[in-house]
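Participant: Task: produce atomic coordinates for the following.
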Amino acid sequence: IWPDRTPHPALYEVKSVYQPVQVQTPGASTGSASSPPPELVEGELAGASTGSASSPSPELVEGELVEGELTVTNEYAFTNLANLTAKWELTADGELLQNGTLPPLDIPPGQSRPIAIRDLGLSKVSPPDIVPGAELFLTLRFTLAEDTPWAKAGYEVAAAQFPMTFPAPASSTLRQAQRPLIERAKLPVLTLEQTDSEATIRGDDFQITYDKINGQISSWRYNDVELIAAGPLLNVWRAPTDNDGIKLDDERDQLLDEWLKAGLHELRHEVEELAIEQPAPQKTIIRTRARTVSEKAPAALEYEQTLTIFGDGQVLLDNHIVAHHGLPPLPRIGLTLSLPAGFEHLTWFGRGPFENYRDRNSGALVGKYRSTVSEQYVPYILPQEHGNKTDVRWVALANDAGAGLLATGIPAMEMSAGHYTAHDLFAAAHTHEITPRAETFLNLDLQQMGLGSASCGPATLPPYIIAPGAYSFSVRLRPFTRDDPSPAQLARTALPK
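Facilitator: Alright, predicted model coming up:
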C-alpha cells in the first residue's frame, strides 16, 4: 500500500488468490475467464465465442443452458458461507443480459456444494437476444450479507467468472442477419499521391499521411479531426519496474542491467525498404521493412509491417518481428502511437478495471470498462511502467465530441494509455519530476513481460518471459464518431471482403 493507505493494484491480486470461496466447473480449475474470441476472417463476421480450453464452462445450446453445475467450495476454517450473499450476472460484450441471486449458501467450513446451472434462475437465451459474435460471461460475486467489524454489508469477498458458449449460426445466416460493411468494390475510392518523403491517401472523409523516412503515419485526419500524431511504431521497451531492477541502485544485478547493456532503452528505427501499391481503387497497401537497432545492438530486431488502408477508413496493421538470439528477454513486444491532446475518454473490453499483467491478472475480471487516460496513472514512489491491461479485445479513445480511434487486437492484446512516455518515467527518480504531456500515448502489445517479484523474491517465471525469436500479430484501427455504432459493434465486424 502507499503511505496514505491506498492499495497498490497488486493487492487486488492478493485478495483474489486468498479469497475464501472457490468456484469450479467439472474437471476445471477455478473460474477466471480469459479466452479471447477467434480471429476475424476477411469477409466474415466473427462467430460466437467459445469457452476457454483451460477453463471449460457450461454451454448454451439451442437457446437453453445444458444440464451442468458449478461447485462452490468454502475455504474458511471456521465460518459457514451463510454469512455471504451470492449474486450472478450474465453479460454479452460487457453489457448485462440477466442477473439474479443464488439461494442462501449453507456450506460448512472446508466443504463443497454443487449448484445446478438451472437453479441460478437464468431465463432462456435465444439467438435474437445475442448479437452474432458477442462474448458471454457468467460472473458470480460473493458479498457480505451483514455489517462486520472490518467491512460493511455488500463488500465483495470473492468472485469467479466463466465464459459461456453460444452456437453461432451458419456464416450465411450471419451475413443476412448482420452485415454492417459493404463489399470492397462498393467502398469509396482512394486517391494516392506521393513525394520522396511521404505518401498521402485520401478517402471521402479521411486523409492519411505516411512518413516514408521514419516508416510511420504522421497524420490521420477524419472528418477534420486529427487522430494520430505519430506511429504506430514497433516498441519493445518499458519503463523498468522495481522488479526489473531498481534504477537508482548502481550495484544491482537484475534484468534491467541486461536491457541497458543491449541498448533497449535507446533503440531507433531505420527503414530499409518501402513499397506502396494500390491493387484496387478502394485499397492501398504500404509495406515497410526496417531494423530497430542501437549502438550497443546494431542488429537487434528486424521488423516488417504491412499497412492496408481501405476505402471506408479502416487500417489493418500486420506485423512480423524477429528479435535476434543473444538479446535478453524483451520487456514487451508491440506497437506504440501518440494521439493529439484531447483524447481523454478511454473504453476497453478486457481485464480490469485496475492495472494487471500476465502473471498478475486472476483478480481482474473480463468486462467493458470506462475510465480516463489520466486515471490510468499509478503513482508508484519510483516512477515506472504502469496501467497495463491484459486480454484486451478492443480499446477506444475519444475526445469530448465523441470522435475517436478504435483498436482491435488480432489476437487479443495488452494495452496501456497515458500521458507519459516510457522515457519520461525512466528518467525520473521521484513523482514530482514528471509532468503529464498533453498528448495521449497508446501502447498496443502482443504481450508484455510479466512482473515477477525480483525486487524481493523470485524473478519472472518462464511462461511470462518474452524470449528472443519471431513474433507476428495484427491490429486493426478505425475512426469513429458519436453517431457510429458502439465500439463493441464496430470491433465485431470484419474487414471488407
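
Participant: Grab the longest helix from this protein for me.
Facilitator: As assigned by DSSP state H, the longest helix anywhere in the chain is helix 10-18.

Participant: from the middle of its chain, how far away would that one be?
Facilitator: On the basis of C-alpha atoms, centre = their mean, to the nearest Å, helix 10-18 sits 20 Å off its chain's mean C-alpha point.

Participant: Can you give me every residue that contacts residue 308?
Facilitator: Residues near residue 308 by C-beta atoms under 8 Å, 6 or more residues apart in numbering: 283-286, 315-316, 318. The C-beta positions use only the backbone N, C-alpha and C, and glycine is treated the same way.

Participant: Dump these into TSV; add neighbour count as well.
Facilitator: Formatted as TSV, the contacts of residue 308 follow (neighbours: other C-beta atoms under 10 Å):
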residue	neighbour count
283	17
284	25
285	16
286	23
315	24
316	20
318	17
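
Participant: from those residues, which single one is nearest residue 219?
Facilitator: Using C-beta to C-beta, residue 315 is the member of the contacts of residue 308 that lies nearest residue 219, at 13.0 Å.

Participant: so how far is residue 142 from that closest one?
Facilitator: 44 Å (C-beta to C-beta, to the nearest Å).

Participant: Return the longest helix of the chain as PDB; C-alpha atoms alone will do.
Facilitator: Extracted C-alpha coordinates of helix 10-18, given in PDB (Å, rounded to 0.1, in the frame of the first residue of the first chain):
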ATOM      1  CA  ALA A  10      -1.100  -5.900  -6.700                       C
ATOM      2  CA  LEU A  11      -3.200  -6.100  -3.500                       C
ATOM      3  CA  TYR A  12      -6.300  -6.900  -5.600                       C
ATOM      4  CA  GLU A  13      -4.400 -10.000  -6.900                       C
ATOM      5  CA  VAL A  14      -3.600 -11.000  -3.300                       C
ATOM      6  CA  LYS A  15      -7.200 -10.700  -2.500                       C
ATOM      7  CA  SER A  16      -8.200 -12.900  -5.400                       C
ATOM      8  CA  VAL A  17      -5.600 -15.600  -4.500                       C
ATOM      9  CA  TYR A  18      -6.600 -15.600  -0.900                       C
END
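
Participant: quick one: contacts for the residue nearest the centre of the chain?
Facilitator: When C-alpha atoms, centre = their mean is applied to the chain, the residue found nearest the centroid is residue 392 (2.2 Å). Each residue near residue 392 by C-beta under 8 Å, 6+ apart is listed here: 348-351, 409, 412-415.

Participant: Show me those that map onto strands.
Facilitator: Counting by DSSP state E, the contacts of residue 392 place 348-351, 409, 412-415 in strands.

Participant: can you pull out the helices in the protein?
Facilitator: Counting by DSSP H, the helices of the chain are 10-18, 171-177, 255-261, 422-427, 487-492.

Participant: Can I get stretch 190-201 in PDB? Just the C-alpha atoms.
Facilitator: What follows is stretch 190-201 as a C-alpha-only set of coordinates in PDB (Å, rounded to 0.1, in the frame of the first residue of the first chain):
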ATOM      1  CA  LEU A 190      -9.000   6.200 -52.500                       C
ATOM      2  CA  THR A 191      -6.600   8.600 -54.100                       C
ATOM      3  CA  LEU A 192      -2.800   8.200 -53.700                       C
ATOM      4  CA  GLU A 193      -0.300  11.000 -54.000                       C
ATOM      5  CA  GLN A 194       3.500  10.500 -53.300                       C
ATOM      6  CA  THR A 195       6.600  12.500 -52.900                       C
ATOM      7  CA  ASP A 196      10.100  11.300 -52.000                       C
ATOM      8  CA  SER A 197       9.400  11.700 -48.300                       C
ATOM      9  CA  GLU A 198       5.700  11.000 -47.800                       C
ATOM     10  CA  ALA A 199       2.600   9.400 -49.200                       C
ATOM     11  CA  THR A 200      -0.900  10.800 -48.900                       C
ATOM     12  CA  ILE A 201      -4.000   8.600 -49.100                       C
END
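
Participant: what's next to that stretch, contact-wise?
Facilitator: Around stretch 190-201, the neighbours that count as contacts under C-beta under 8 Å, 6+ apart are 202-203, 207-213, 218, 276, 278, 281-284, 286, 309, 311.

Participant: For that stretch, give the mean pLDDT please.
Facilitator: Mean pLDDT, stretch 190-201: 97.

Participant: That concludes my questions; thank you for your assistance.
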